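S.K.: compute the structure for the input listed below.
(3 chains)
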Amino acid sequence: MASTGAADEWAERKDFLVTISDNAVRTSADLYQEVQHFYGRQMRYLDDNHIEAWAATFTEDGVFSANAHPEPQVGRDNIVAGARKAAAALAEQGIQRRHWLGMVEVAEAADGTVVARSYALVYNTPRGGQAAVHLSCSCEDVLVREDGELKVRTRRVTRDDLLP
Amino acid sequence: MASTGAADEWAERKDFLVTISDNAVRTSADLYQEVQHFYGRQMRYLDDNHIEAWAATFTEDGVFSANAHPEPQVGRDNIVAGARKAAAALAEQGIQRRHWLGMVEVAEAADGTVVARSYALVYNTPRGGQAAVHLSCSCEDVLVREDGELKVRTRRVTRDDLLP
Amino acid sequence: MASTGAADEWAERKDFLVTISDNAVRTSADLYQEVQHFYGRQMRYLDDNHIEAWAATFTEDGVFSANAHPEPQVGRDNIVAGARKAAAALAEQGIQRRHWLGMVEVAEAADGTVVARSYALVYNTPRGGQAAVHLSCSCEDVLVREDGELKVRTRRVTRDDLLP
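M.R.: Sure thing, here's the model as predicted:
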């Protein structure tokens, strides 16, 4: 049962769920829009193939994990290598990909760390072809501030089709 | 003519349309993000099968109506019963559903009641299968505050495929 | 290579990209939500066939250009004429269209002009039929204020399927 699987997974991580729920209402409009804005910029960098700019949206020691990958990508260099490989594959196939993050939830910890959850949809459009939904996912980020700017310290992407 | 049908329906309810239009610009950023945030949380509860938490986002006397249902669901208990039935059917089919609300419009009445309109997309992902758009809808909510938190007092969902 | 094509195009217009990037973090929450709100209202007008209300969201001398059109539509009258033609075709086909703008980026110039970028998805739902993604696009707007309200002075829509 897919949705029960998702619920089970969250139940195991109750601390995180509780954090988001308890603090959500108290998040400032400033922070909420900043996270939305950050996602707009970050995904555009990736989708428009500005990989260096995209890489700079992660901390140097950033970690990217996904239920589609056997191992997390650890460190900006590895995250960039993964992105370059994916971008090359898309370019070869002539596909313009667009990542949409939405249904954003944001909570701020006492130490200034920001926890954000969102839904993610990935759309593919082949050159001269029909746009289509490629994947539906959930995304959980821990964001930190460096020189005033938000950066992803950890990102966990859960593809809905791979839920237990 | 589908879109004319939608326009006709809104024309009949001009009071509502005017309320949104006249007040939209004056809605505070705080309220706007609060509604967005509320939707992120509320839909996640539903999609991750936290039905009790989801139920608590409606008032005790909440009403859920839809052009797909012959009768509205009246009261939190009936809304919960409907959600449980839908969740069980999805679990049996092994489908992870995701509700996206977007293109949000918000207006606040003098008495503090909040009127919100949005577009809604429902995505289904079968376990091991391909994500796909299931439905495109419009959603109109009347939100009220209980102990400082927004709750849905009335929700009306209009499926685009069932427009006259 | 579709994504490289997109990157090339942006590279040519580096001024715009830099403007968005440099100012994005500093955009106020008020302006960001105002642009989101504006898009919710504007697209609803179009999709619900309130063409006059939609037209009023452009300046009198507004320009709408798209990589799908050989020539830009110049002036509100021409933009309205284009919208009426499109609406009539959809009505004849019995299609309810919904425009979603998301992943919004906003920057404000010193003169108060607002530059906004977003992703755009167009969904079609035939009466009694299946909702589906029709197009994936990028949208770049220059917004100006008239009597306090945002209006589109220039809009450029780039369909992903038509990228070089």
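S.K.: export the helix or strand harbouring A:Leu46 to CSV, keeping only CA atoms.
M.R.: Assigned by DSSP states H and E, A:Leu46 belongs to helix A:29-47. The C-alpha trace of helix A:29-47 is given here as CSV (Å, rounded to 0.1, in the frame of the first residue of the first chain):
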residue,chain,number,x,y,z
ALA,A,29,6.3,35.3,5.5
ASP,A,30,9.8,36.6,4.8
LEU,A,31,11.3,33.1,5.3
TYR,A,32,8.6,31.3,3.5
GLN,A,33,8.9,33.5,0.4
GLU,A,34,12.7,33.3,0.6
VAL,A,35,12.5,29.5,0.4
GLN,A,36,10.1,29.6,-2.5
HIS,A,37,12.3,32.1,-4.2
PHE,A,38,15.4,30.0,-3.6
TYR,A,39,13.7,27.0,-5.1
GLY,A,40,12.7,29.0,-8.2
ARG,A,41,16.3,30.1,-8.7
GLN,A,42,17.9,26.8,-7.9
MET,A,43,15.8,24.7,-10.2
ARG,A,44,16.1,27.2,-13.0
TYR,A,45,19.9,26.9,-12.7
LEU,A,46,19.7,23.2,-13.0
ASP,A,47,17.2,23.1,-15.8
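S.K.: which parts of it are buried?
M.R.: A:29, A:31-47 (16 or more other Cβ atoms under 10 Å in any protein chain shown). (Glycine included, C-beta is placed from N, CA and C.)
S.K.: pLDDT on that helix, on average?
M.R.: For helix A:29-47, mean pLDDT is 94.
S.K.: can you tell me if it touches chain B.
M.R.: Yes: interface with chain B: helix A:29-47 contributes A:29, A:32-33 (Cβ under 8 Å from any Cβ of the partner chain).
S.K.: and the helices in chain A?
M.R.: Assigned by DSSP state H, the helices in chain A fall at A:2-12, A:14-24, A:29-47, A:51-55, A:76-93.
S.K.: packing partners for the fourth one?
M.R.: Taking 3 or more Cβ pairs under 8 Å, 6 or more residues apart in numbering or on different chains; DSSP states H and E as the contact definition, the neighbouring helices and strands of helix A:51-55 are helix A:29-47, helix A:76-93.
S.K.: could you report the pLDDT at the residue of chain A positioned farthest from its centre?
M.R.: Relative to the centre of chain A, the most outlying C-alpha is that of A:Gly128, 28.1 Å out, by Cα atoms, centre = their mean. A:Gly128 is assigned 98 on the pLDDT scale.
S.K.: same check, this time on A:Arg159
M.R.: Note on A:Arg159: pLDDT of 97.
S.K.: quick one: contacts for it?
M.R.: The neighbourhood of A:Arg159, defined by Cβ atoms under 8 Å, 6 or more residues apart in numbering or on different chains, consists of A:66-68, A:135-137.
S.K.: bridged to it, which residues?
M.R.: A:Cys137 (DSSP bridges).
S.K.: gap between the closest residue to A:Val157 other than its chain neighbours and B:Ser136?
M.R.: If the residues on either side of it in the chain are set aside, A:Val157 comes closest to A:Ala66, at 4.3 Å by Cβ to Cβ, 6 or more residues apart in numbering or on different chains. Going from A:Ala66 to B:Ser136 by Cβ to Cβ, to the nearest Å gives 28 Å.
S.K.: still on that earlier bit, export the residues of helix A:29-47 next to chain B to TSV and tack on distance to B:Val122?
M.R.: Formatted as TSV, the residues of helix A:29-47 next to chain B follow (distance: Cβ to Cβ, whole Å):
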residue	distance to B:Val122
A:Ala29	28
A:Tyr32	24
A:Gln33	26
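S.K.: distance of A:Asp30 from C:His37?
M.R.: 16 Å.
S.K.: ugh, wrong one, I meant A:Gly148
M.R.: Taking Cβ to Cβ, one finds A:Gly148 at 26 Å from C:His37.
S.K.: and A:Glu146, what does it touch?
M.R.: By Cβ under 8 Å, 6+ apart, the neighbours of A:Glu146 are A:Thr59.
S.K.: beta partners for it?
M.R.: Going by DSSP bridges, A:Glu146 forms beta bridges with A:Glu149.
S.K.: sorry, back to before: could you single out the nearest of the residues of helix A:29-47 next to chain B to B:Gly82?
M.R.: Nearest to B:Gly82, judged by Cβ to Cβ, of the residues of helix A:29-47 next to chain B is A:Tyr32 at 30.2 Å.
S.K.: what residues are up against the residue nearest to the closest one when sequence neighbours are not counted?
M.R.: Computed as Cβ to Cβ, 6+ apart, the closest residue to A:Tyr32 that is not its neighbour in sequence is B:Gln33, at 4.3 Å. When contacts are counted by Cβ under 8 Å, 6+ apart, B:Gln33 is found next to A:29, A:32-33, C:29, C:33.
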